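A.B. asks: structure of the sequence below:
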Amino acid sequence: MQPAQCCSHKRITADCLIDYTRTRQLTMARRPHTTLLMITGLLIFFTLLLISNYRKVRPESSPLDQVSTAHVDDHVLHGEATAAKLENSTLKAELGRSAWMLLHTMMAKFPDKPTPEDSEALTSYIHLFARLYPCGDCARHFQQILKQYPPQVASRSTAAVWACHVHNQVNKRLKKELFECSKIGDFYDCGCADASPSAKNQSQVGH
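C.D. replies: Next up, the predicted model:
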């Protein structure tokens, strides 16, 4: 209310000024409360908005709490070999013997009737084995073999014969003797056979 509006005359009286002053004081007193309420309302609004968005993007569970069943991307499986060339020929030969022992034993232990997940796991392992093999030139050569002869993982026998075949491809390059794949199990003993009677008797001593 303006001073001129509270008076019927053109001059401003003392009572009119007092009324105007009180009105202004009440108005100014209300403004801080109004501003505070507006700020509080905005804070509540944005808090609710953030909570709503968080719930939308929040996963059902932490990645550490579950095992991913997603396929490994092709660029991961077939990426460039990571290791440098291995110059030490003695170490390279020792590494090769150990690697083939691991690979052939794995095939011999593979399920005879694997699930699709078993077969996929073995295929992924073979490609990653080739990529991460700690002899760079060996790894690149083995990756080329895998392109020509992809892993066969339909059963234990097909996996074992496939491993023997690719081993022979490596041996051809190195001018080494080739394996007879029907007897590969004789050369790489996987420990799959049943224990002999004498071994069983010895294991029962003390029980």
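
A.B. asks: CA only for contacts and neighbour counts going forward, please
C.D. replies: Will do.

A.B. asks: need the three-state assignment for residue 150.
C.D. replies: Under DSSP: H, G, I helix; E, B strand; the rest coil, residue 150 falls in the coil class.

A.B. asks: distance of it from residue 175?
C.D. replies: Using Cα to Cα, to the nearest Å, we find residue 150 at a distance of 22 Å from residue 175.

A.B. asks: those two: which has the busier surroundings?
C.D. replies: Neighbour count, other Cα atoms under 10 Å: between residue 150 and residue 175, residue 150 has more, with 15 against 10.

A.B. asks: now the more buried one. Its backbone dihedrals?
C.D. replies: When quoted as degrees, to the nearest 10, the phi and psi of residue 150 stand at phi -60, psi 150.

A.B. asks: on the pLDDT front, check it for me.
C.D. replies: As predicted, residue 150 sits at a pLDDT of 96.

A.B. asks: same question for residue 74.
C.D. replies: 68.

A.B. asks: could you do the one 5 residues further on as well?
C.D. replies: Residue-level confidence at residue 79 comes out at 69, pLDDT.

A.B. asks: helices and strands of this protein: which one bottoms out on pLDDT?
C.D. replies: Every helix and strand in the chain was compared by mean pLDDT, DSSP states H and E; the lowest is helix 197-204, with a mean of 39.

A.B. asks: how is the chain partitioned into domains?
C.D. replies: Split into domains by automatic domain parsing, the chain comes to 3-57, 74-187.

A.B. asks: buried residues, stretch 164-183. List them.
C.D. replies: Across stretch 164-183, burial judged by 16 or more other Cα atoms under 10 Å covers 164, 165, 166, 167, 168, 169, 170, 181.

A.B. asks: ok, the fifth one - contacts?
C.D. replies: Taking Cα atoms under 8 Å, 6 or more residues apart in numbering as the definition of contact, the neighbours of residue 168 are 178, 179.

A.B. asks: same deal with the one 3 residues further on?
C.D. replies: Contacts for residue 171 were tallied using Cα under 8 Å, 6+ apart; they are 177, 178.

A.B. asks: rounded mean pLDDT for the helix or strand encompassing it, please.
C.D. replies: Per DSSP states H and E: residue 171 is located in helix 156-174. The average pLDDT for helix 156-174 rounds to 94.

A.B. asks: next SSE downstream of it?
C.D. replies: Note on helix 156-174: by DSSP H and E, the next helix or strand toward the C-terminus is helix 184-187.

A.B. asks: so for the helix or strand hosting residue 139, what gets flagged as buried?
C.D. replies: Assigned by DSSP H and E, residue 139 belongs to helix 136-148. Buried positions in helix 136-148, judged by neighbour count with 16+ other Cα under 10 Å: 136, 137, 138, 139, 140, 142, 143, 145, 146.
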